[in-house]
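Q: model this:
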Amino acid sequence: MRASPKLGRGFTLVELMLVIAIIAILTSIITISLGISRQKSRDSKRIADVSLIKLALSSYYNDNLFYPKNIYAPSNTTASSDPANGLAPAYISVVPKDPSANTSDNCNSTGANGLTSCYHYNAFTTASSGICNATTNFPVIYHLGTSFEDTTNTALTQDSDAGDRLIPPFSTTYYPCTSAPGAFHGNAPNCTGTTAGTDNCYDLTP
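A: A predicted model of the protein is given here:
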């Protein structure tokens, strides 16, 4: 009668711990890779969003010969051509918000540039008073920005990097409309503040 084959020995504690450690390392690598991939995806969405907003601003200017004071204001705030009118729904169906932020934030409010949900926007006039209207002090230029998560994104080398008064890239001093405070430097961290720093701010001008 043939003897039954002996079962192999079980794993030792050291071997089990080694397997668990390898699984933990692989899980960490996958988690980090997924996180980086999601950051890049959100940054790509931000580029697409502000490009769409820039296109809507161009159409707005073609119709009005000035820019809105607040892109998030309704486009029918007043019945006449007025910079108080924003972009939606006349020039864009919905003005997008940052893909990773709290979408319940009210971007149509004073201080919206301080809300993480809202893309940064300032309209500027040549009047030092900063009072923008449809009769004398037109908003003639703008500064649009968004904060990237990936500071190595090559798009950061291809944006405007405008100063908080738009010098550079322009030689004229502009003044932000007082109805939308929060002018920012295009190299300021998170597009916040007037001083250049670690650049994760992707900014556009006309």
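Q: Dig out what the spatially most central residue of the chain forms beta bridges with.
A: Nearest residue to the geometric centre of the chain (Cα atoms, centre = their mean): residue 146, 2.3 Å. Assessed by DSSP bridges, residue 146 has beta-bridge partners residue 202.
Q: these two touch, right, residue 150 and residue 40?
A: Yes: with contact defined as Cβ atoms under 8 Å, residue 150 reaches residue 40; the gap is 5.7 Å. Every C-beta, even on glycine, is put in place using the N, C-alpha and C of the backbone.
Q: Could you tell me which residues make contact with the residue nearest to the centre of the chain?
A: 46-47, 49-50, 98, 119-120, 191, 201-203 (Cβ atoms under 8 Å, 6 or more residues apart in numbering).
Q: Which of those residues sits closest to residue 177?
A: Taking Cβ to Cβ as the measure, residue 177 lies nearest residue 120 of the contacts of residue 146, at 13.8 Å.
Q: so what's the backbone phi/psi at the closest one?
A: phi -80, psi 130 (degrees, to the nearest 10).
Q: ranges for the helices of the chain?
A: 13-64 (DSSP state H).
Q: That one: strands as residue ranges?
A: 120-125, 141-147, 175-176, 201-204 (DSSP state E).
Q: what residue ranges in the protein score low on pLDDT?
A: Applying pLDDT under 70 to the chain flags residues 1-9, 35, 110, 179-181.
Q: Roughly how far does the closest residue to residue 119 other than its chain neighbours sit from residue 76?
A: The shortest distance from residue 119 to any non-neighbouring residue, by Cβ to Cβ, 6 or more residues apart in numbering, is to residue 146 (5.2 Å). Residue 146 is 26 Å from residue 76, where distance means Cβ to Cβ, to the nearest Å.
Q: which residues does the nearest residue to residue 45 once chain neighbours are set aside contact?
A: Distances taken as Cβ to Cβ, 6+ apart place residue 99 nearest to residue 45, at 4.6 Å, with adjacent residues excluded. Residue 99 is in contact with 42, 45-46, 49, counting by Cβ under 8 Å, 6+ apart.
Q: What about residue 99? Give its phi and psi, please.
A: Torsion angles, degrees, to the nearest 10, at residue 99: phi -70, psi -20.
Q: quick one: it and residue 50, what's the gap?
A: On the measure of Cβ to Cβ, residue 99 and residue 50 end up 12 Å apart.
Q: Just the terminal-to-terminal distance for stretch 156-173.
A: Chord length of stretch 156-173, first to last residue, is 24 Å (Cα to Cα, to the nearest Å).
Q: quick one: contacts of it?
A: Counting by Cβ under 8 Å, 6+ apart, 124, 126, 141, 143, 148, 174-175, 183-188, 194, 199-205 sit against stretch 156-173.
Q: ok, and for stretch 176-193, which residues are buried?
A: 176-177, 179-180, 182-192 (16 or more other Cβ atoms under 10 Å).
Q: For residue 83, state which of these is nearest.
A: So of the buried residues of stretch 176-193, ranked by how close each gets to residue 83 (Cβ to Cβ), first place is residue 177, at 7.5 Å.
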